[in-house]
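K.L.:
Coordinates for the following, if possible.
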Amino acid sequence: MTLVTDPTAPRIAIIGATGAVGSTLIELIEERDLRYRELYLVASSRSAGRRIPVGGQTHEVRSLEDFDFGLVDIAFFSAGTSVSRAWVPAAVAKGALVIDNTRAYRMDPDTPLVVPQINYAVLDRPPGSGVIANPNCSTIPLVRVLQPVERRWGIRQVVVSTYQAASGQGHQGIEELLEGTEVALRDPDADLPSERFSPPLAFNVVPFVDELQDSGFTLEEQKMVQESRKILGLPDLDVTATCVRVPVVNSHSEAVWVQTQEPVDRAELVGLLSRQTEVTVHDAENRAAFPTPLKAGHPDHVHVGRVRVSPHDPRGFWLWLVSDNLRVGAALNAVQIAEYALARGFLSGGVR
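P.N.:
Model prediction:
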């Protein structure tokens, strides 16, 4: 992270700075040398006063309730949907460009929903709402592989099952999984903690992520459908999902079945996916190679394996995806959005 005095560099605020995604945002801004002239770490009143070292300096966490958004040019929101709904309008009213990592504005017609590698063109102009929405952590890796397939062969249907890690529920989700695992190892009959995950996640698989909808699908499953259609610009895309929580600390996985309009050649499919930015195909040469959440590889890549074209109908194939949900599925995408926006001069010189 690069602190500069250049008046064209942005003033940045991270709302939810002490959470799992907020902490990852800090790491990535530092790793990617994003220039800034002011940095404000903002969280709830419970976290206010904490001191966090960033770029060789110590920053005191400020209370959201008392924070003046007129001090910043870019505000990253990663503190939950209710917080974004309550505070994003205040940030926009003060002139900040908001990059929101919740579902609060994703389906707003005036708010672009952006995966820079896919629909960067929507960043050619500032958003009418003052907000750029960051997609769901499972949607991002999915659309990253679907777009080149759609362009080459056309897509008839997508069926996806997710295997989502505890970190999707933040630091508390990770802690609950680890605590439950420890308790269960000591006493298999003990009641396990279930505040973040119900039923308990330790030694379990829970096919239920987020709230149940009237359709019988969960909100997480609904988000994957709606967001994929919006990002890809395919309002009638036939996609359906089953979202499952698994006892993994970090990194989501997905099993994806794609039916295409035209027959698919495996070698061509592997080559096409391998050429995508920040995508690693593990079984290009060795079909027994595949990524796992424990050791996928580069944390900023979408990892692909188990590439299988159906022997019965070459217009269908399977993919296995793994990606770091805190980075690829959240913070990295948000930082890359900021990089694109800054490159296009959204902030018109920084000083206002």
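
K.L.:
my read: N101 touches N136, true?
P.N.:
No - between N101 and N136 there is no contact under C-beta atoms under 8 Å: 9.6 Å. Glycine gets a C-beta too; all of them are placed from N, C-alpha and C.

K.L.:
So these two - more neighbours on which side?
P.N.:
Taking neighbours as other C-beta atoms under 10 Å, N101 and N136 compare with N101 leading, 30 against 27.

K.L.:
The more buried one and V131: what is the separation?
P.N.:
11 Å (C-beta to C-beta, to the nearest Å).

K.L.:
just R103 next, same as before
P.N.:
From R103 across to V131, the span is 12 Å (C-beta to C-beta).

K.L.:
and A289, which of the three is it?
P.N.:
coil (DSSP: H, G, I helix; E, B strand; the rest coil).

K.L.:
Kindly apply the preceding question to V304 instead.
P.N.:
Put simply, V304 is strand when judged by three-state DSSP.

K.L.:
Count the neighbours of it for me.
P.N.:
Neighbour tally, V304, other C-beta under 10 Å: 28.

K.L.:
And for E38?
P.N.:
14.

K.L.:
My guess is it contacts I74. True?
P.N.:
No - in this structure, E38 is not within contact of I74 by C-beta under 8 Å, at 10.4 Å.

K.L.:
what do these two both touch?
P.N.:
When contacts are counted by C-beta atoms under 8 Å, 6 or more residues apart in numbering, E38 and I74 are jointly contacted by 11-12.

K.L.:
Which pLDDT value belongs to G350?
P.N.:
On the pLDDT scale, G350 is placed at 39.

K.L.:
in stretch 311-331, what's buried?
P.N.:
Buried residues in stretch 311-331, counted by 16 or more other C-beta atoms under 10 Å: 315-317, 319-331.

K.L.:
okay, how far is it across it, tip to tip?
P.N.:
Length of stretch 311-331, first residue to last, C-alpha to C-alpha, to the nearest Å: 39 Å.

K.L.:
OK, contacts around R51?
P.N.:
Counted by C-beta under 8 Å, 6+ apart, R51 has contacts 58-61.

K.L.:
hmm, 10 Å instead?
P.N.:
Residues near R51 by C-beta atoms under 10 Å, 6 or more residues apart in numbering: 41, 58-61.
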